[in-house]
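> I would like to see how this sequence folds:
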Amino acid sequence: MEAVTLKQQAASTLLATFLHNQYAFAFSLGIIISLVILLHKPNRNTVLFLISFIILFIAFEYDKHIVSALEEQTINSMALTQGGAMIWLKRALYKILPFLFFITGWGTLFLAIILQTIADKSKFKD
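Numbering: from 1, shown residues only. Model prediction:
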């Protein structure tokens, strides 16, 4: 049996970290690229790109890390027990908010792409 080396352990840790956070890395890259473009040549579409990537990043972090702590905090602060309020709270936190984040983030991104396409087509006509 082979001994696991420090390099193999480090590579395994880096791979696991990347796989756990791959969407966060992608959205962060989108935020950075949007910021660079926005600082270089500001326009409305770049602002929409930036907003969309920020919303998508927040949605990812909400699903991965925030929702369970938020649920516990809300239940404790409102002293909720089993019942209709608890069902609606879980539905809002686990279904409605993630859906709104998803629709808002991707909708804003597609809106920015569509507006950029329309702006590019009008430049070619002139």
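> residues in contact with Phe25?
Listed by CB atoms under 8 Å, 6 or more residues apart in numbering, the contact set of Phe25 reads Phe18. Placement of C-beta: from N, CA and C, glycine included.
> show me where pLDDT drops low in this protein?
Applying pLDDT under 70 to the chain flags the ranges 1-2, 126.
> which parts of it are helices?
Here the chain has its helices, by DSSP state H, at 6-40, 44-61, 67-78, 84-91, 97-125.
> ok, and which of these has the densest surroundings?
helix 44-61 (a mean of 19; mean count of other CB atoms under 10 Å).
> counting contacts, what elements does that helix pack onto?
helix 6-40, helix 97-125 (3 or more CB pairs under 8 Å, 6 or more residues apart in numbering; DSSP states H and E).
> how about the ones you listed, which one is nearest Ile66?
The closest of the helices and strands packed on helix 44-61 to Ile66 is helix 97-125. By CB to CB, the value is 9.7 Å.
> so which other helices or strands are in contact with that closest one?
Under the contact definition 3+ CB pairs under 8 Å, 6+ apart, helix 97-125 sits against helix 44-61.
> now the helix it packs on against helix 97-125, angle please.
Relative orientation of helix 44-61 versus helix 97-125 (axes from the mean of the first three to the mean of the last three CA atoms, to 10 degrees): 160 degrees.
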